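Participant: Predicted model and sequence follow; I will ask about them next.
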Amino acid sequence: MKTLIIYNSQTGFTAKYAQWMAEATGAERMEFKAAKKKQAAFFDNYEKIVFGGWVMGGNVCGLKWFAEQLAGWAGKQLAVFAVGATPADSEMADLFMKQTFGGDQWNGVAGFYCQGGICYDKMSAGNRMLMKLLQKALKVKKDKTKADEEMERMIGSSYDISDRKYAEPVINWIIE
Ligand SMILES: Cc1cc2nc3c(=O)[nH]c(=O)nc-3n(C[C@H](O)[C@H](O)[C@H](O)COP(=O)(O)O)c2cc1C
């Protein structure tokens, strides 16, 4: 069964997950920018399509485009993996997945979460600035919640908590 993995990555974590998945399954890989330019007929070649996007402010980047394809891809098997800095076993990651994929439009689409990390070196200047502002806002915030404290700790510096094991459920979904 032919599978395409479309991935949207800013600093490399989502790209690395897409690579792990492609290597393990023989699926083809394509960057989101290139996929967006393809005509609808191009996707007829694939029975399974996986979309991977990084998480920004609680949204999966590029998911809107993927959602717009759902009607045209009704006969295909579809999956999404989101890559964020939040640890996979945290309540925040759980809540994020429920909020993102809870709607009816996602019925029949498999949803996965892979923990990535933070890489300030590869981040765009604009996003680096956003993170700085968020850091400052959290620093001065009074009555911080547990989530605020977790976030403050999380975005303080670069780190890599990605692991191939988080790609395994997606790999299994592709080969099953
Ligand atoms: C502006 C900005 C907002 C972010 N918001 C979130 C978020 O809401 N939740 C989360 O888990 N990670 C968040 N992150 C972290 C990224 O999702 C994380 O660095 C991810 O691994 C990036 O993947 P990439 O390397 O494929 O671009 C944010 C990062 C930036 C720069």
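Facilitator: Received it, and whenever you're ready, just let me know what you need.
Participant: Stretch 140-152 near the ligand at all?
Facilitator: No: using CB under 6 Å from any ligand atom, stretch 140-152 stays clear of the ligand, coming no nearer than 8.4 Å. Every residue, glycine included, has its C-beta placed from N, CA and C.
Participant: Return the set of buried residues in that stretch.
Facilitator: Across stretch 140-152, burial judged by 16 or more other CB atoms under 10 Å covers Glu150, Met151, Glu152.
Participant: Looking at those, spot the one nearest the ligand.
Facilitator: Distances from the ligand to the buried residues of stretch 140-152, taken as CB to the nearest ligand atom, are shortest for Met151 (8.4 Å).
Participant: Does the closest one touch Leu138 like I think?
Facilitator: Yes: between Met151 and Leu138 a contact is recorded at 6.3 Å, counting by CB atoms under 8 Å.
Participant: Please list the residues of the chain that sit near the ligand.
Facilitator: Within the chain, the positions adjacent to the ligand are 9-14, 54-58, 83-86, 116-118, 123, 127, 130-131 by CB under 6 Å from any ligand atom.
Participant: 5 Å instead, please
Facilitator: Listed as neighbours of the ligand in the chain under the rule CB under 5 Å from any ligand atom: 9-14, 54-58, 83-86, 116, 118, 127, 130.
Participant: Of those, select the buried ones using a ChimeraX command.
Facilitator: Buried residues among the residues of the chain next to the ligand (16+ other CB under 10 Å), as a ChimeraX selection:
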select :9,10,11,12,13,14,54,55,83,84,85,86,116,118
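Participant: Filter the residues of the chain next to the ligand down to just the ones in strands.
Facilitator: Of these, the ones assigned to strands by DSSP state E are Trp54, Val55, Met56, Val83, Gly84, Ile118.
Participant: Pipe those residues into a markdown table and attach pLDDT per row.
Facilitator: What follows is those, written out as a markdown table (pLDDT from 0 to 100):
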| residue | pLDDT |
| --- | --- |
| Trp54 | 98 |
| Val55 | 97 |
| Met56 | 94 |
| Val83 | 98 |
| Gly84 | 96 |
| Ile118 | 97 |
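Participant: Sort out which one of these lies nearest the ligand for me.
Facilitator: Using CB to the nearest ligand atom, those come closest to the ligand at Gly84, 2.5 Å.
Participant: any idea which element Gly52 lies in?
Facilitator: Using DSSP states H and E, Gly52 sits within strand 48-56.
Participant: which helices and strands does that strand pack with?
Facilitator: Counting contacts by 3 or more CB pairs under 8 Å, 6 or more residues apart in numbering; DSSP states H and E, strand 48-56 is packed against strand 3-8, helix 13-25, helix 63-69, strand 77-84, helix 168-175.
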